[in-house]
Every structure is written in C-alpha cells, then in structure tokens.
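A.B. asks: Prediction below, plus the sequence it came from.
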Amino acid sequence: MKAAYLISGTDSAKIDQARTRLRQRAEAESGAGGLEVFEPAEGKGSPDADALAASIGSLSLMPGRRYLLADRIEKWGKNQTATVIEALLAAPEETTVVLIARGKVPAGIADAVGKVGGEKLNYDAPEGARLPAHLVEGAEARGFELTPEAARFMIGRMGESLPRLAAELDRLALWAGPEGSVDVEDLEEMVADTSETSNFALGDALVTGDRAIVLAVAERLLAQGVTAGSTVYSTATSVRRAHKALVRLEEGADPSRLEREMGMPPFLARKLINSLSGTTVESMRDASIAMAELELWTRGGAEYPDELALDLALLAATA
C-alpha cells in the first residue's frame with residue numbers, strides 16, 4: 001500500500017467499489033477498526049479537515065499500517081485543504097491516507113499525493129454513446145446478459161442518471177437470475193417508472209403526425225425533467241423505423257414478413273406497422289430530418305435553450 005491515494009470522478013458506483021475494497025483490506029490487516037473514516041456530518045458539507053489532519057499526525061500503539069479515509073473532499077476550502085496537505089506531507093510511516101473527491105479535486109491535493117509517492121485514480125461516469133456499453137458491462141458484472149438494444153431502451157425510458165440506472169440493473173439481476181438475459185421485449189413490460197411518460201411516446205406521437213398530441217407529450221416529458229439530449233435517440237429511432245417500414249410497405253412488402261425483417265421484438269414490430277395507417281413516407285422523412293437536426297444540436301451544433309430546440313424540431317417534424 002502507498003502512503004496516499006486520491007480517488008476522484010463522477011462515477012459514484014466505481015468510487016464506492018474502490019472504497020469497499022479499501023475497507024476490506026484494512027479490516028483484514030488491522031481488524032474491524034482498521035479504517036478510520038471522515039465524512040460530512042449528516043451527509044452535508046465536507047469531512048472535518050482539522051480532525052483528519054490531527055489523526056494523520058498522531059502515532060498509534062497498534063502494530064501494522066493505519067488507514068484513514070476522507071470522503072467528499074470536493075467541498076473543502078483553501079484553509080481546509082492547506083491543513084490536510086501539511087499533515088499529509090509529514091505523515092508517519094505505515095500510514096495510508098485516502099482522499100475521495102466526487103467531482104473537482106481541491107487545488108494542491110493532487111500535487112501533495114504525488115509528492116508522498118501516492119497514486120491518483122479517476123473514475124468518470126460514461127456519457128452519451130458510451131453509456132449503453134457501460135450498462136451492458138454492469139449487467140455482466142451482476143451475472144446476467146443485457147442486450148445493447150435493451151440498454152438503449154433503458155436510457156431512453158429512464159434518462160442518463162447512473163444511480164437510477166444502476167438501481168434498475170440491480171432489480172433486473174434479481175429478475176433474470178444467474179446467467180439469465182434481458183432483451184427489449186422483457187423491458188417493455190418490466191422496466192420501472194411506468195407512471196411517467198416514456199421517451200418512446202414522443203416517437204409514437206410523431207408517427208401519428210398530430211402536432212397537438214406531439215407537443216402535449218413533449219410538455220409532459222419536459223415536466224419530468226427529460227432533456228432534448230436524453231430523448232433524441234429514442235424518438236429518432238421510432239421515426240426512422242416508421243419511415244423504413246412505410247418505404248417497404250409502399251414497395252409491396254407483406255406486413256407479416258416485414259415484422260420479421262425489422263429487427264424488433266415481433267409484438268413491437270406489429271404495433272408499429274399497425275400504427276402507420278394514414279401516415280406517409282414524406283411525413284416520416286421530414287420527421288427523420290428534424291430529429292437528425294435535433295441530434296446535431298445536442299452535439300453542440302447550435303446554442304438554443306434546450307426546450308426551444310426540442311420545440312423547433314417538433315414543429316419542423318409536424319410541418
């Protein structure tokens with residue numbers, strides 16, 4: 001073990017795992033009280049820097065390495081940071097200090113950890129296109145298989161909150177069991193939060209072409225805290241699938257055969273095909289273009305407010 005460790009980042013799950021491993025090692029080496037923890041009182045504020053500094057500098061009569069951990073140091077001010085840095089640089093041998101910043105690391109801490117020969121570990125939460133793969137890996141770590149399409153369904157339905165998605169993975173692990181699997185068809189009936197409007201509802205509304213319905217669904221989603229970025233994938237997917245199905249139907253494709261060609265669970269494909277009555281290829285093409293432009297905006301293509309960007313895209317999609 002090194003004299004100090006700095007653990008930082010936005011992936012709370014991985015940070016908690018690292019903290020658990022440290023506790024297990026400390027208790028294995030020094031017993032149940034082998035790790036001294038400093039945390040914000042009642043979960044608010046920051047850990048007591050003065051108490052940590054005093055503990056770092058104190059000598060122990062117990063044999064073996066001492067472990068001290070301070071969690072949520074990102075809220076430390078200059079004076080608190082300076083106090084801990086001074087103590088860390090003068091820490092006795094056989095002492096390991098672990099500092100956890102769940103966000104930005106206070107200035108000077110990283111340099112101090114480096115000076116005492118410590119190690120810096122960063123765990124940043126995945127975002128955007130990296131998130132589905134992260135969920136698939138999370139399911140594998142829990143002992144079950146989650147298909148990439150099911151992972152994207154979860155994100156579209158529940159948003160990008162990692163704690164919320166992790167809780168859902170825990171729930172699905174219990175349902176699937178060891179070496180089980182979860183696909184989109186399973187999630188259609190199982191996924192939590194059925195009291196809220198699904199992101200896929202916006203794509204379904206666009207297929208109808210009714211502007212009033214589309215804007216009403218968008219308003220409900222925005223009230224739930226959904227953003228343009230979190231809904232664009234699921235909405236664009238629904239619209240593109242509808243456009244593809246309409247093109248095939250106009251070419252004379254048999255609906256029952258088309259269900260098998262769409263790469264969707266059969267009952268979802270059947271539901272989509274049945275909803276296309278009265279919808280035209282041109283309208284779905286326009287909607288697809290509007291969603292592509294919205295996706296460009298979410299990647300930094302314009303500087304409209306989030307709600308305005310979504311409204312403009314939906315107005316264009318239902319023109």
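C.D. replies: Alright, I've got the coordinates.
A.B. asks: could you say which helix or strand contains the residue lying closest to residue 106 once chain neighbours are set aside?
C.D. replies: Distances taken as CB to CB, 6 or more residues apart in numbering put residue 81 closest to residue 106, at 4.4 Å, once the chain neighbours are dropped. All C-beta spots, glycine's among them, are computed from the backbone N, C-alpha and C. For residue 81, the enclosing helix or strand under DSSP states H and E is helix 78-89.
A.B. asks: Then residue 313?
C.D. replies: Assigned by DSSP H and E, residue 313 belongs to helix 306-317.
A.B. asks: what about that helix, average pLDDT?
C.D. replies: This predicted structure assigns helix 306-317 an average pLDDT of 85.
A.B. asks: Quick one: list the elements packing against it.
C.D. replies: helix 200-208, helix 211-223, helix 228-250, helix 281-296 (3 or more CB pairs under 8 Å, 6 or more residues apart in numbering; DSSP states H and E).
A.B. asks: What's the mean pLDDT across the shortest one?
C.D. replies: Translated: helix 200-208. 83.
A.B. asks: for the protein, which residue is closest to the average position?
C.D. replies: residue 162 (3.1 Å; CA atoms, centre = their mean).
A.B. asks: picking that back up, any buried residues in the helix holding residue 81, and which?
C.D. replies: Buried positions in helix 78-89, judged by neighbour count with 16 or more other CB atoms under 10 Å: 80-85, 87-88.
A.B. asks: Could you do stretch 150-168 as well?
C.D. replies: 150-160, 162, 165-166, 168.
A.B. asks: go on, stretch 54-70?
C.D. replies: Going by 16+ other CB under 10 Å, stretch 54-70 has these buried residues: 55-56, 65-70.
A.B. asks: Quote the end-to-end distance of that stretch.
C.D. replies: Start and end residues of stretch 54-70 are separated by 13 Å (CA to CA, to the nearest Å).
A.B. asks: Please apply the same query to stretch 297-317.
C.D. replies: Per CA to CA, the first residue of stretch 297-317 is 15 Å away from its last.
A.B. asks: Other residues contacting that stretch?
C.D. replies: 202, 206, 211, 214-215, 218, 222, 227-229, 231-232, 239, 286-287, 289-291, 293-294, 296 (CB atoms under 8 Å, 6 or more residues apart in numbering).
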